[in-house]
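Engineer: Give me coordinates for this.
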Amino acid sequence: MTTLAHFLHLQKTDITAYSQYYASPLYHIFLLNGNGTIYVDEVDYTFDGHLALFLTPYQQVRLTGTTIAPIEKLAFHGDFYCIEYHKQEVACNGLLFNNIYQQPFIELSDHEIPAIFQKIAMETARQLPHTEPVLKTYLQLILAMASRIKRLTQESEVPEHALPLATFRTLLEENFISQRTPMFYAQALAMTPNHFTKQVTKYYRKSPSKLIQERVILEAKKLLHLSHKSSKEIASLMNFDDQHYFSRYFKKYTNVSPTEFRKQVGISIMADLSIT
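Structural biologist: Residues are numbered from 1 along each chain as shown. Sure, this is the predicted structure:
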């Protein structure tokens, strides 16, 4: 595991390492135990208990808390374990990762996933040859188990006001490239802008503007990672006036330019085969 494309690393860290926003070109799974607040891309979530947090490349995270046990952090490169390639097996893409509509973590009620973390720690400590297939299997198991927990959580939490807001999600998925103002979606749902903003923020914990921005950035990340298209081509596909405006927009919300994102994250082994 000498190159970034073959990178998987597990370490224990203290919460103070994340007192400021942290981001990297890797996928991350954090195991947290205690109580505090998670800030992901400036959206805050309080927690109390044992949970697993899932982050995609260049998502920004900050952690606060007073009774947090040492944090276990598993980081891996997209070409070490390509979630697009394995999407049928673990169903984590759009559920655990790249999911702007739900909280980015799951609550853990048992020790199954932490136990696999320990197996990964022991396997890497042994430094034996041919460990990569073993580590991939452990990682796949973590993702499959976490996806199952996330789906069960989804099924048990359906608020009464979910129907029009689920319609907003469908509208956003269909129109985010051409329609980037909350007014369009409020009118489509026959809601006043004020009521629409309140309901969306209550349900998703994010304003309509924030969700629109995140959906645009998510698509841009996909195209940069999963295609060989130039920034100019991507800007055109995503209805930006020009490449420079696209670059400024992208950097505003990720703190890196599209060029730097692609340089650090790389172009996936699945490039141009799947961008879902």
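
Engineer: Tell me where the stretch 51-200 of the chain has strands.
Structural biologist: Ranges of strands in the stretch 51-200 of the chain, per DSSP state E, counting those that start in this stretch, are 61-65, 71-76, 105-107.

Engineer: which one of the ones you listed has the most crowded surroundings?
Structural biologist: Greatest average neighbour count among the strands of the stretch 51-200 of the chain goes to strand 71-76 (a mean of 21), per mean count of other C-beta atoms under 10 Å. Backbone N, C-alpha and C define where each C-beta goes, glycine included.

Engineer: Who are the packing partners of that one?
Structural biologist: Applying 3 or more C-beta pairs under 8 Å, 6 or more residues apart in numbering; DSSP states H and E, we find strand 71-76 packed against strand 8-13, strand 27-40, helix 112-126, helix 132-156.

Engineer: what's next to it, contact-wise?
Structural biologist: 7-15, 17-18, 24, 26-32, 63, 114, 117, 120, 139, 142 (C-beta atoms under 8 Å, 6 or more residues apart in numbering).

Engineer: re earlier: reformat the strands of the stretch 51-200 of the chain into TSV and put mean pLDDT and distance to residue 231 next to each item.
Structural biologist: Formatted as TSV, the strands of the stretch 51-200 of the chain follow (pLDDT from 0 to 100; distance: least, C-beta to C-beta, whole Å):
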stretch	mean pLDDT	distance to residue 231
strand 61-65	92	26
strand 71-76	95	26
strand 105-107	96	32
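
Engineer: ranges for the helices of the protein?
Structural biologist: Counting by DSSP state H, the chain has helices at residues 87-90, 112-126, 132-156, 162-175, 182-188, 193-204, 208-226, 231-237, 243-254, 258-265.

Engineer: Of these, flag the one that's most buried.
Structural biologist: When you average the neighbours per residue for each of the helices of the chain (mean count of other C-beta under 10 Å), helix 208-226 leads with a mean of 20.

Engineer: what inclination does that helix have with respect to helix 162-175?
Structural biologist: Relative orientation of helix 208-226 and helix 162-175, computed by axes from the mean of the first three to the mean of the last three C-alpha atoms, to 10 degrees: 40 degrees.

Engineer: Now find how far off-centre helix 208-226 is within its chain.
Structural biologist: Here helix 208-226 is found 11 Å from its chain centre; the criterion is C-alpha atoms, centre = their mean, to the nearest Å.

Engineer: What of stretch 257-274?
Structural biologist: Worked out by C-alpha atoms, centre = their mean, stretch 257-274 lies 16 Å from the chain centre.

Engineer: can you tell me how far residue 61 sits from residue 38?
Structural biologist: 7 Å (C-beta to C-beta, to the nearest Å).

Engineer: Kindly report the same for residue 178.
Structural biologist: To residue 38, residue 178 is 33 Å away according to C-beta to C-beta.

Engineer: go on, residue 251?
Structural biologist: For residue 251 relative to residue 38 (C-beta to C-beta), the value is 24 Å.

Engineer: dump the residue contacts of the closest residue in space to residue 112 that isn't next to it in sequence.
Structural biologist: Nearest-residue entry for residue 112: residue 145, 6.2 Å, with adjacent residues in sequence omitted and distances by C-beta to C-beta, 6 or more residues apart in numbering. By C-beta under 8 Å, 6+ apart, residue 145 lies in contact with 112, 113, 116.

Engineer: and what of residue 263?
Structural biologist: Residue 263 touches nothing, counting by C-beta under 8 Å, 6+ apart.

Engineer: what's the answer for residue 104, then?
Structural biologist: 38, 40, 45, 53, 54, 55, 59, 96.

Engineer: now, which of those residues sits nearest residue 224?
Structural biologist: residue 59 (14.5 Å; C-beta to C-beta).

Engineer: Got phi/psi on that closest one?
Structural biologist: Main-chain dihedrals, residue 59, degrees, to the nearest 10: phi -80, psi 140.

Engineer: Tell me where the model's unsure across this protein.
Structural biologist: 1-6, 155-163, 272-276 (pLDDT under 70).

Engineer: Tell me the spacing between residue 183 and residue 220.
Structural biologist: Distance, residue 183 to residue 220, using C-beta to C-beta: 23 Å.

Engineer: Residue 80 too?
Structural biologist: From residue 80 to residue 220 the distance is 23 Å (C-beta to C-beta).

Engineer: The strands of the stretch 51-200 of the chain into TSV, with extra columns for distance to residue 258?
Structural biologist: Shown next, in TSV, are these (distance: least, C-beta to C-beta, whole Å):
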stretch	distance to residue 258
strand 61-65	21
strand 71-76	22
strand 105-107	28
